[in-house]
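Enquirer: Okay, sequence plus prediction incoming.
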Amino acid sequence: MEATQTLDARGLTCPLPILRTKKALNNLQTGELLRVFATDPGSVNDMAAFCQQTGNTLVTSQKSGDGLEFFIRKG
């Protein structure tokens, strides 16, 4: 999957991964894809809830190396 922008939120804990994701999405156009790397285990549920509440789409959520990888399409 080809992302428009990548955000590295590894090493950050709640709520910083979500806050940085929100800021990054503000710079994207509708339909563009944001790739997010995180290590906070709570990010799995947080990203899903964030996308549902904001009208964005969580395309994928998966383990990646020692952390997590998310692809979010701006709604």
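Expert: Done, it's in. Keep in mind that this is a model prediction, so the values were computed, not measured.
Enquirer: Centroid-nearest residue for this structure?
Expert: To find the centre residue of the chain, average its C-alpha atoms and take the closest one (CA atoms, centre = their mean): that gives residue 36, at 4.3 Å.
Enquirer: for the host helix or strand of that one, packing partners?
Expert: When elements are defined using DSSP states H and E, residue 36 is found to belong to strand 33-38. Under the contact definition 3 or more CB pairs under 8 Å, 6 or more residues apart in numbering; DSSP states H and E, strand 33-38 sits against strand 5-9, helix 16-26, strand 67-73. The C-beta positions use only the backbone N, C-alpha and C, and glycine is treated the same way.
Enquirer: tilt between that strand and helix 16-26?
Expert: Between strand 33-38 and helix 16-26, the angle comes out at 160 degrees (axes from the mean of the first three to the mean of the last three CA atoms, to 10 degrees).
Enquirer: How far away from the center of its chain is the next helix or strand after strand 33-38?
Expert: Downstream of strand 33-38, the first helix or strand assigned by DSSP H and E is helix 43-54. Averaging C-alpha positions (CA atoms, centre = their mean, to the nearest Å) puts helix 43-54 8 Å from its chain's average.
Enquirer: Comparing the helices and strands packed on strand 33-38, which stretch has the densest surroundings?
Expert: A comparison of those by mean neighbour count, using mean count of other CB atoms under 10 Å, puts strand 67-73 on top with a mean of 20.
Enquirer: Sheet partners, orientation included, of that one?
Expert: Using DSSP bridges, the strands paired with strand 67-73 are strand 33-38 (antiparallel), strand 57-64 (antiparallel).
Enquirer: mean confidence for it?
Expert: In this model, strand 67-73 has an average pLDDT of 97.
Enquirer: Could you do stretch 3-12 as well?
Expert: Summarised as a single mean, pLDDT over stretch 3-12 is 97.
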